[in-house]
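Enquirer: Here is my input; please provide its structure:
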Amino acid sequence: MPHGRMGHVPTRLGQQLTRLIPPTPLSRRLATQSLLFATGEGTFMTGSAVFFTQVVGLRATRVGLGLTVAAVAAFLVAYPMGRLTDRIGPKRMWALGALVQALMFAVWPFIDGFTGYLAMIVVVEIFENAAEAGRNAYVLNVMPQKERIETQAYLYSSLNVGFTLGAIIGGVALALDDLAVMRWLPLFTMVIGLVNAVRIRSLPDAPHDLHRRVRGGPQPAAAPGPGPLRNPGWMLVSLFNGTLWTNQVLLNVVIPLWLVQETDSPHWLLAWLFGTNTVLCIVLPAYTSQGVRSVGDALRRVRYSAGFFVLSCLITMVTHSTVGLLTVVLVWLGHVTVTGAELAVSSASWTFQAKLMDSRRRGEYGGVAEVFATLGKGWAPAAYTFLAMGWHPPGPAGLGWLVIGAIVLAATLGMHPAAHAAERFLDRHGLAEQDATRPGADAGTMPEPA
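Expert: Residues are numbered from 1 along each chain as shown. You can find the predicted model right below:
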């Protein structure tokens with residue numbers, strides 16, 4: 001055998017690891033931005049409970065009340081913020097939202113009561129949603145159609161890596177057991193946030209941003225043609241998509257509470273559950289998003305997601321009556337299957353965004369999507385917790401899990417006619433985007449110099 005021949009044959013492991021790296025210069029820049037944002041956010045969120053209760057001195061109920069008020073405020077301004085994104089351009093909205101978020105963290109150490117906390121958390125939540133609206137519209141505008149789903153998958157993985165790094169940094173700060181460190185920890189998040197905002201401004205303009213710049217800045221008139229509020233299919237897609245995303249309620253709320261209150265599983269299993277979910281959501285999105293190119297592909301993933309969701313409900317339900325190692329294995333498997341639901345609906349959601357929006361109104365469509373998705377999932381924490389643990393009808397324990405699964409199956413059935421109706425709406429009004437090269441799209445596909 002010639003010397004060195006085997007060295008030039010990439011191993012299967014090497015090929016698999018290579019797939020975890022975004023393939024184009026622009027997608028790598030976007031992934032780095034996601035990593036940066038999530039690291040700063042994850043650092044603060046890890047220690048937020050200690051910060052709010054011991055540094056600011058709030059009761060837990062007041063913290064929850066503030067978060068609820070902030071969520072309502074963000075819900076009310078989601079649609080106007082979406083329209084504003086179309087007016088000023090997605091990159092500008094993204095950078096503005098990120099900048100305001102970062103600057104707000106400079107004020108956190110000086111808050112000493114509920115009023116200041118409430119005002120701050122409302123501003124942060126509103127501008128976080130504004131930044132997200134700009135980011136989503138920017139990614140869809142700047143990437144060629146064939147690369148959008150794949151790019152979103154890489155960004156999803158990068159966010160999970162960043163949140164993990166942030167959790168480690170926040171954990172180190174918590175381990176020091178020093179309230180002075182916790183008081184000033186938000187400044188670390190502020191610095192990362194400012195760097196993040198600068199990096200966003202340095203990204204290439206998307207076609208929408210270029211159009212606004214050529215036209216001389218924000219324009220008062222909306223794009224001609226019917227908007228998303230006249231597209232019932234899109235509103236229903238967003239509503240049902242919100243319901244499908246209640247897999248996060250199972251992951252983060254219901255299954256952990258079920259483990260603690262209704263099973264004999266050791267509490268340390270919670271760390272394994274969240275660790276498994278994080279690892280899978282870092283490694284698998286680049287693979288699970290392959291082959292999703294059309295609305296039909298997305299609907300197939302919706303069915304996969306519902307199947308995993310229902311399977312998780314059935315597995316978790318039986319752990320009420322199992323004991324020992326069997327319970328541990330089944331609870332862990334229930335968490336893994338609901339992670340499968342998350343991964344499947346992720347690629348479906350990205351495809352709906354790419355295929356069912358008017359490309360001239362992505363901010364407005366995103367605002368409408370946020371409103372209806374919230375309606376589709378906002379009730380789930382209370383309802384699912386009650387069904388799983390507070391409802392005790394005659395019969396075997398845990399029957400509420402069957403109702404939870406039935407809710408997601410109903411949303412899955414409704415999603416199919418809704419998606420086709422949204423698709424027909426775009427076709428009927430000539431709003432469907434053609435798969436053609438757009439100005440600025442090549443920024444993500446140009447090869448780097450050797």
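Enquirer: Please name the nearest non-neighbouring residue to the most centrally placed residue in the chain.
Expert: Taking C-alpha atoms, centre = their mean as the criterion, Tyr156 is the residue nearest the geometric centre of the chain, at 7.4 Å. Among residues not flanking Tyr156 along the chain, Pro285 sits closest, at 4.7 Å (C-beta to C-beta, 6 or more residues apart in numbering). Bear in mind the C-beta positions are built from the backbone N, C-alpha and C, glycine included.
Enquirer: How about Ala422?
Expert: Leaving aside its sequence neighbours, Ala422 sits nearest to Gly233 (C-beta to C-beta, 6+ apart; 3.1 Å).
Enquirer: Need the contact partners of the strand or helix carrying the one you found.
Expert: Per DSSP states H and E: Gly233 is located in helix 232-244. Outside helix 232-244, the residues that touch it by C-beta atoms under 8 Å, 6 or more residues apart in numbering are 228-229, 302, 305-306, 309, 341, 345, 348-349, 352, 356-357, 365, 368-378, 380, 407-408, 411-412, 414-415, 418-425.
Enquirer: could you point out which element follows that helix?
Expert: Next element after helix 232-244 (DSSP H and E): helix 247-249.
Enquirer: any idea how far that following helix is from the chain center?
Expert: Centroid separation for helix 247-249 versus its chain: 11 Å, with C-alpha atoms, centre = their mean, to the nearest Å.
Enquirer: Identify the residues contacting the helix or strand that it is followed by?
Expert: Sequence-wise, the next helix or strand downstream of helix 247-249 (DSSP H and E) is helix 255-262. Contact with helix 255-262 is made by 265, 267, 269-270, 273, 312, 316, 319-320, 331, 334-335, 338, 385, 388-389, 397-398, as judged by C-beta under 8 Å, 6+ apart.
Enquirer: just to revisit the earlier point, so among the contacts of helix 232-244, which ones count as buried?
Expert: Neighbour-count burial (16 or more other C-beta atoms under 10 Å) is assigned, among the contacts of helix 232-244, to 228, 302, 305-306, 309, 341, 345, 348-349, 352, 356-357, 365, 368-374, 376-377, 380, 407-408, 411-412, 415, 418-419, 421-423, 425.
Enquirer: Break this structure down into its structural domains.
Expert: The chain breaks down into these domains under automatic domain parsing: 24-209, 228-428.
Enquirer: Format the ones you listed as a markdown table; extra columns: mean pLDDT.
Expert: Output for the domains of the chain, formatted as a markdown table (pLDDT from 0 to 100):
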| stretch | mean pLDDT |
| --- | --- |
| domain 24-209 | 89 |
| domain 228-428 | 91 |
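Enquirer: before we move on, back to that, restricted to helices, list the buried ones among the contacts of helix 232-244.
Expert: 302, 305-306, 309, 341, 345, 348-349, 352, 365, 368-374, 376-377, 380, 407-408, 411-412, 415, 418-419, 421-423, 425 (DSSP state H).
Enquirer: Of all the residues in the helix holding Gly233, which ones are buried?
Expert: 233-244.
Enquirer: if we take those, which one ends up nearest to Gln54?
Expert: Gly242 (34.2 Å; C-beta to C-beta).
Enquirer: quick one: the helix or strand encompassing Thr337 to chain centroid distance?
Expert: Using DSSP H and E, Thr337 maps to helix 324-355. Centre-to-centre, helix 324-355 and its host chain are 14 Å apart (C-alpha atoms, centre = their mean).
Enquirer: hang on, the earlier thing: now do the same contact list for the residue nearest to the centre of the chain.
Expert: Residues near Tyr156 by C-beta under 8 Å, 6+ apart: 281, 285, 346.
Enquirer: ok, and the most crowded of those residues?
Expert: Taking other C-beta atoms under 10 Å as the neighbour criterion, Pro285 ranks highest of the contacts of Tyr156 with 27 neighbours.
Enquirer: Verify the stated contact: it with Ala153.
Expert: Yes - counting by C-beta atoms under 8 Å, Pro285 does reach Ala153; the two are 3.9 Å apart.
Enquirer: Quickly list what's touching both of those two.
Expert: 346-347.
Enquirer: Let's have the contacts of Tyr156 in a markdown table, adding distance to Arg201.
Expert: Formatted as a markdown table, these follow (distance: C-beta to C-beta, whole Å):
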| residue | distance to Arg201 |
| --- | --- |
| Cys281 | 28 |
| Pro285 | 27 |
| Ser346 | 28 |
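Enquirer: list the buried ones in stretch 119-136?
Expert: 120-136.
Enquirer: re the thing from before, for the residue nearest to Tyr156, give me its contacts.
Expert: 153-154, 156-157, 343, 346-347.
Enquirer: For Phe309, see how far away it is.
Expert: Distance of Pro285 to Phe309, computed by C-beta to C-beta, to the nearest Å: 18 Å.
Enquirer: Kindly report the same for Asp427.
Expert: Applying C-beta to C-beta to Asp427 and Phe309 gives a distance of 31 Å.
Enquirer: Ser347 now?
Expert: Distance, Ser347 to Phe309, by C-beta to C-beta: 15 Å.
Enquirer: Sort out which residues of the one helix or strand Phe75 maps to are buried, please.
Expert: Here Phe75 sits within helix 60-88, counting by DSSP H and E. By 16+ other C-beta under 10 Å, the buried positions in helix 60-88 come out as 62-63, 66, 70-71, 73-75, 77-79, 81-88.
Enquirer: So which residues of the stretch 101-250 of the chain form helices?
Expert: 114-142, 145-175, 179-202, 207-214, 232-244, 247-249 (DSSP state H, counting those that start in this stretch).
Enquirer: out of those, nearest to Asp297?
Expert: That would be helix 145-175 among the helices of the stretch 101-250 of the chain, by C-beta to C-beta, at 9.0 Å.
Enquirer: got the angle for that closest one vs helix 324-355?
Expert: Calculated by axes from the mean of the first three to the mean of the last three C-alpha atoms, to 10 degrees, helix 145-175 forms an angle of 130 degrees with helix 324-355.
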